[in-house]
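Trainee: heads up, no residue letters with this:
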């Protein structure tokens with residue numbers, strides 16, 4: 001027996017030794033092959049000069065964006081969203097305690113910082129007023145009483161995965177907010193959760209186009225026949241890529257997405273950079289009124305502001321035609337908005353951010369007596385209670401968020417939305433990766449995020465002494481200047497007077 005054991009051990013050691021030698025030999029062979037490849041190629045100077053070792057530069061560059069957020073970046077340093085913002089959304093989504101200790105990590109003397117003006121006698125809980133629905137589209141056959149001031153912004157099915165859309169739809173229903181389809185058309189997954197839906201009409205008319213790509217009245221009626229579809233939003237532009245249409249890479253154009261959009265399978269889905277039939281203000285109003293007449297539901301438009309003189313022309317044309325011809329709402333997107341895919345020059349350098357554009361839009365509408373007629377929706381990096389409260393105080397009726405709700409689904413900001421390799425299953429159509437996203441569990445987190453954000457906006461409003469968030473005004477906010485001293489926002493942006501000829505036409 002001992003001899004048998006010894007022989008077995010000897011054989012095992014011999015096998016392991018042979019395996020070790022084989023592995024070492026294979027590794028050496030691989031290194032030699034890589035060395036030869038690197039020194040003979042001409043595309044990469046670092047690899048040519050430092051064969052094999054030079055490859056670690058690319059590896060570390062690729063991994064850097066992941067490691068920075070865990071080991072190196074401070075709570076308030078990262079872009080586009082820092083750890084403090086993501087952690088707040090994470091706790092809110094899980095329904096956990098969202099208090100912090102020992103003091104704020106936010107620098108409060110940075111120019112542009114909004115500071116809310118608390119009053120000596122805050123609103124007591126028993127004196128607070130419940131949020132009331134706000135009517136949109138008073139001249140429509142089917143106006144919409146929107147229940148929530150915080151809603152899910154435009155994200156297309158295609159850019160998002162099936163389980164992500166399912167979770168958002170069910171979560172929106174639980175939270176009592178609306179969900180914007182984005183420009184990718186209406187899928188069954190938008191409807192199955194029971195949420196209120198805002199159908200976005202992009203420049204390619206996905207979901208409501210005929211065979212030639214033109215707007216189809218028959219398709220419009222089909223979409224409007226769904227009671228859940230409450231409004232239609234005509235997208236002129238979006239913050240991440242002003243002047244450029246939507247981009248869905250071919251790898252994400254599955255047979256189902258192609259069918260819903262009315263496009264070929266496996267081809268890049270590139271929308272025109274504007275609606276070909278809308279060349280001026282008159283054509284814009286014609287299109288809005290046509291969609292409203294066909295569907296019977298409120299219609300507005302979405303745009304990121306750059307030049308803004310056209311808004312005055314729009315207001316003047318509305319008054320020439322009559323107040324009922326006005327868009328029912330305008331969605332003001334921010335120049336730092338997000339998307340799954342956009343050219344970097346547009347994402348970085350084109351379009352005004354919401355901090356500048358929102359006061360401009362509100363004041364122009366007020367100046368022309370249209371502020372009550374046209375509801376204002378603000379969107380673009382509004383993911384925390386303070387940002388949403390600022391938007392309401394500035395004059396918005398609603399605030400929408402896309403990336404905030406993505407974080408509630410479990411987004412880790414891996415910045416791979418356009419690669420079909422999203423590790424959390426949110427923006428990929430890889431079924432293996434989608435398995436990580438359970439719509440039933442995530443829908444609860446979507447609802448929690450919305451409800452907790454709304455609650456904490458109420459906390460801010462009560463601290464300022466008003467009974468509900470929409471009563472926040474510019475006088476309740478001060479903006480830090482370059483000298484570190486804050487100035488009241490109503491001094492920076494004084495409310496314009498409404499000329500007498502327009503005052504009588506306002507709609508309450």
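Mentor: All right, it came through fine. Quick caveat, the model's predicted, so the values are computed rather than measured. Residues are numbered from 1 along each chain as shown.
Trainee: Which parts of the stretch 301-450 of the chain are helices?
Mentor: Taking DSSP state H, counting those that start in this stretch as the test, the helices found in the stretch 301-450 of the chain are 309-321, 344-349, 354-367, 385-394, 403-409, 431-434, 439-463.
Trainee: can you tell me which of those helices the model trusts least?
Mentor: Across those, helix 344-349 has the smallest mean pLDDT, namely a mean of 71.
Trainee: what separates the spatially closest residue to residue 269 that is not a sequence neighbour from residue 417, distance-wise?
Mentor: In space, and not counting its chain neighbours, residue 269 is closest to residue 248: 3.8 Å by Cβ to Cβ, 6 or more residues apart in numbering. (Glycine included, C-beta is placed from N, CA and C.) Going from residue 248 to residue 417 by Cβ to Cβ, to the nearest Å gives 11 Å.
Trainee: same question, residue 133
Mentor: From residue 133 to residue 417 the distance is 33 Å (Cβ to Cβ).
Trainee: who has more neighbours, those two?
Mentor: residue 417 (22 against 11; other Cβ atoms under 10 Å).
Trainee: Model confidence score at that one, please.
Mentor: According to the prediction, residue 417 has pLDDT 80.
Trainee: swap in the one 5 residues further on?
Mentor: The predicted local distance difference test score for residue 422 is 85.
Trainee: Give me the pLDDT value at the closest residue to residue 425 other than its chain neighbours.
Mentor: In space, and not counting its chain neighbours, residue 425 is closest to residue 437: 3.7 Å by Cβ to Cβ, 6+ apart. Note on residue 437: pLDDT of 86.
Trainee: residues contacting residue 437?
Mentor: If you count contacts by Cβ atoms under 8 Å, 6 or more residues apart in numbering, residue 437 has them with 161, 163, 164, 167, 409, 410, 424, 425, 426.
Trainee: Residue 53 and residue 32, how far apart?
Mentor: From residue 53 to residue 32 the distance is 14 Å (Cβ to Cβ).
Trainee: Spatially central residue for the chain, please.
Mentor: Centroid-nearest residue in the chain, with Cα atoms, centre = their mean: residue 402, separated by 2.5 Å.
Trainee: ok, now which ones touch it?
Mentor: Taking Cβ under 8 Å, 6+ apart, we find residue 402 in contact with 152, 153, 154, 155, 337, 338, 379.
Trainee: With residue 459 instead?
Mentor: By Cβ under 8 Å, 6+ apart, residue 459 lies in contact with residue 385.
Trainee: thinking again about what came up before, now neighbour count too, for the contacts of residue 437, in CSV please.
Mentor: Listed next are the contacts of residue 437 as CSV, based on neighbours: other Cβ atoms under 10 Å:
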residue, neighbour count
161, 27
163, 22
164, 29
167, 30
409, 26
410, 20
424, 21
425, 25
426, 29
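Trainee: what's the closest of the residues you listed to residue 479?
Mentor: residue 409 (32.6 Å; Cβ to Cβ).
Trainee: residues of the helix or strand hosting residue 91 that come out buried?
Mentor: Per DSSP states H and E, residue 91 falls inside helix 83-94. Of all the residues in helix 83-94, those buried under the rule 16 or more other Cβ atoms under 10 Å are 83, 84, 85, 86, 88, 89, 90, 91, 92, 93.
Trainee: again, but for stretch 136-150
Mentor: 136, 137, 139, 140, 143, 144, 146, 148, 149, 150.
Trainee: any idea how far residue 285 is from the fourth one?
Mentor: Read it as residue 140. Distance check for residue 140 against residue 285: by Cβ to Cβ, it reads 15 Å.
Trainee: The nearest residue to residue 365 once chain neighbours are set aside: how many residues sit nearby?
Mentor: If the residues on either side of it in the chain are set aside, residue 365 comes closest to residue 371, at 4.5 Å by Cβ to Cβ, 6+ apart. By other Cβ under 10 Å, 22 other residues sit near residue 371.
Trainee: and what of residue 240?
Mentor: For residue 240, using other Cβ under 10 Å, the count is 24.
Trainee: ok, it touching residue 343?
Mentor: No. Counting by Cβ atoms under 8 Å, residue 240 stays clear of residue 343, with 9.5 Å between them.
Trainee: what do the two both touch?
Mentor: With contacts taken as Cβ under 8 Å, 6+ apart, residue 240 and residue 343 have no neighbour in common.
Trainee: Confidence-wise, which helix or strand of the chain is lowest on average?
Mentor: Least confident helix or strand of the chain, by mean pLDDT, DSSP states H and E, is helix 55-67 with a mean of 67.
Trainee: what comes up buried for stretch 361-381?
Mentor: Those would be 361-371, 373-381, for stretch 361-381 by 16+ other Cβ under 10 Å.
Trainee: Enumerate the positions of stretch 112-126 that are buried.
Mentor: Within stretch 112-126, the residues scored as buried using 16+ other Cβ under 10 Å are 113, 114, 116, 123.
Trainee: What are the contacting residues of that stretch?
Mentor: Taking Cβ under 8 Å, 6+ apart as the rule, stretch 112-126 contacts 106-108, 355, 386, 389-390, 393, 460-467, 475-480, 486, 488-489.
Trainee: Buried subset of those residues, written for ChimeraX?
Mentor: Selection of the buried residues among the contacts of stretch 112-126 in ChimeraX, burial being defined by 16+ other Cβ under 10 Å:
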select :355,386,389,390,393,460,461,462,463,464,465,466,476,477,478,479,480,486,489
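Trainee: now the buried residues of helix 83-94 as JSON lines including distance to residue 129 and pLDDT?
Mentor: Below are the buried residues of helix 83-94 laid out as JSON lines (distance: Cβ to Cβ, whole Å; pLDDT from 0 to 100):
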{"residue": "83", "distance to residue 129": "35", "pLDDT": "74"}
{"residue": "84", "distance to residue 129": "30", "pLDDT": "79"}
{"residue": "85", "distance to residue 129": "29", "pLDDT": "83"}
{"residue": "86", "distance to residue 129": "32", "pLDDT": "81"}
{"residue": "88", "distance to residue 129": "26", "pLDDT": "82"}
{"residue": "89", "distance to residue 129": "27", "pLDDT": "87"}
{"residue": "90", "distance to residue 129": "30", "pLDDT": "85"}
{"residue": "91", "distance to residue 129": "27", "pLDDT": "88"}
{"residue": "92", "distance to residue 129": "23", "pLDDT": "90"}
{"residue": "93", "distance to residue 129": "27", "pLDDT": "89"}
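Trainee: Residue 386 contacts residue 461, doesn't it?
Mentor: No. At 11.5 Å, residue 386 does not count as touching residue 461 under the criterion of Cβ under 8 Å.
Trainee: And what about residue 487, helix, strand or coil?
Mentor: Here residue 487 is recorded as strand under DSSP: H, G, I helix; E, B strand; the rest coil.
Trainee: What about it, how many residues nearby?
Mentor: Applying other Cβ under 10 Å, we find 12 residues neighbouring residue 487.
Trainee: Can you name the residues bridging to it?
Mentor: Beta bridges link residue 487 to residue 479 when assigned by DSSP bridges.
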